[in-house]
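S.K.: predicted model follows, preceded by the sequence.
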Amino acid sequence: AQSVSQHNHHVILSEAASLELGCNYSYGGTVNLFWYVQYPGQHLQLLLKYFSGDPLVKGIKGFEAEFIKSKFSFNLRKPSVQWSDTAEYFCAVNAEAAGNKLTFGGGTRVLVKP
Amino acid sequence: SAVISQKPSRDICQRGTSLTIQCQVDSQVTMMFWYRQQPGQSLTLIATANQGSEATYESGFVIDKFPISRPNLTFSTLTVSNMSPEDSSIYLCSVYDVGYTFGSGTRLTVV
């Protein structure tokens, strides 16, 4: 069964610091990869997604992620965070062979101090 | 992408009762999913709602506890049956068309 691991459960950083959140998945077939964000009290929003092509994906709000197939990783980055980036971030993976089910990682809570 | 209307947005229910959550999509979609997000945790897939056939449940979830209906390609319901406080969670429906879209969720508190 496919699984998704997010290494950091909690991250605390100051404004203007750089952010990198790790995501690894276990499925060996063709996968599609996603990062979602959930701001406090709000519902999930898609930050970015990778289906194919350029492994460096740019999303909304200055986020980007890099797909490294050999490492089964899809890490999320932002060069300079803002207080408004305080949220929970979820990595998710789906595989057509698994019925297009989306499997989520455990999430990373990010707190940006002003 | 599809737009999802999910209701109710929140409810407080007595233990032993049941709650039915509705998910309406503004376009026809083949794949519809139901997720649960327990407090402070990630999203866990409950089942895939299939139009015209029984839902496909994930390990740990059973039809008697979470019956699902999918009468057409734009609508589905999830019922949380015989509720206990452990069922207090956010329940979300999701559809897959050009990507995954999520409803705004139903925050359920069981007292």
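M.R.: Everything's here; your move. Quick caveat: nothing in here was measured; it's all calculated off a predicted structure.

S.K.: contact residues of chain A facing chain B?
M.R.: With the criterion set to C-beta under 8 Å from any C-beta of the partner chain, chain A comes near chain B through A:34, A:43-44, A:46, A:49, A:90, A:92, A:94, A:99-107. Heads up, the C-betas are built off the backbone N, CA and C, glycines and all.

S.K.: what segments of chain B are strands?
M.R.: B:4-7, B:10-13, B:19-25, B:31-37, B:43-49, B:56-57, B:68-72, B:75-80, B:89-96, B:100-102, B:106-110 (DSSP state E).

S.K.: likewise chain A?
M.R.: So, for chain A - with DSSP E - the strands run A:4-5, A:10-14, A:19-21, A:24-25, A:32-38, A:45-50, A:56-58, A:64-68, A:73-78, A:87-94, A:102-104, A:108-113.

S.K.: output the lowest mean pLDDT helix or strand found in chain B.
M.R.: In chain B, no helix or strand scores lower on mean pLDDT, DSSP states H and E than strand B:100-102, which sits at a mean of 89.

S.K.: now the chain, which segments are flagged as low pLDDT?
M.R.: If you meant another chain, say so; for now it's chain A. Residue ranges of chain A with pLDDT under 70: A:1.

S.K.: no, scratch that, I was asking about chain B
M.R.: Checking chain B against pLDDT under 70 turns up nothing.

S.K.: spatially central residue in it, please.
M.R.: B:W34 (3.8 Å; C-alpha atoms, centre = their mean).

S.K.: next up, the contacts around that residue.
M.R.: By C-beta atoms under 8 Å, 6 or more residues apart in numbering or on different chains, the contact set of B:W34 is B:23, B:45-47, B:49, B:55, B:66, B:68, B:76, B:78, B:91-94.

S.K.: 10 Å instead?
M.R.: Contacts for B:W34 (C-beta atoms under 10 Å, 6 or more residues apart in numbering or on different chains) come out as B:21, B:23, B:45-49, B:55, B:57-58, B:61, B:66, B:68, B:76-78, B:91-94, B:103.

S.K.: can you sort out which of these also neighbour chain A?
M.R.: B:L45, B:A47, B:T48, B:E58, B:L92, B:S94, B:G103 (C-beta under 10 Å from any C-beta of the partner chain).

S.K.: count of neighbours near the nearest residue to the fourth one once chain neighbours are set aside?
M.R.: Meaning B:E58. Of all residues not flanking B:E58 in the chain, B:L45 sits nearest, at 5.1 Å (C-beta to C-beta, 6 or more residues apart in numbering or on different chains). By the criterion of other C-beta atoms under 10 Å in any protein chain shown, B:L45 has 19 neighbours.

S.K.: is B:L45 in contact with B:S94, as I believe?
M.R.: Yes - with contacts counted by C-beta atoms under 10 Å, B:L45 reaches B:S94, the gap being 8.9 Å.

S.K.: can you pull the residues that touch both of those two?
M.R.: Between them, B:L45 and B:S94 share these contacting residues under C-beta under 10 Å, 6+ apart: A:K101, A:L102, B:F33, B:W34, B:Y35.

S.K.: any chance of those in CSV, with distance to B:A2 too?
M.R.: Below are those laid out as CSV (distance: C-beta to C-beta, whole Å):
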residue, distance to B:A2
A:K101, 17
A:L102, 15
B:F33, 12
B:W34, 15
B:Y35, 16
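
S.K.: so which of the residues you listed comes closest to B:R15?
M.R.: Nearest to B:R15 among the shared contacts of B:L45 and B:S94 is B:W34, at 21.2 Å by C-beta to C-beta.
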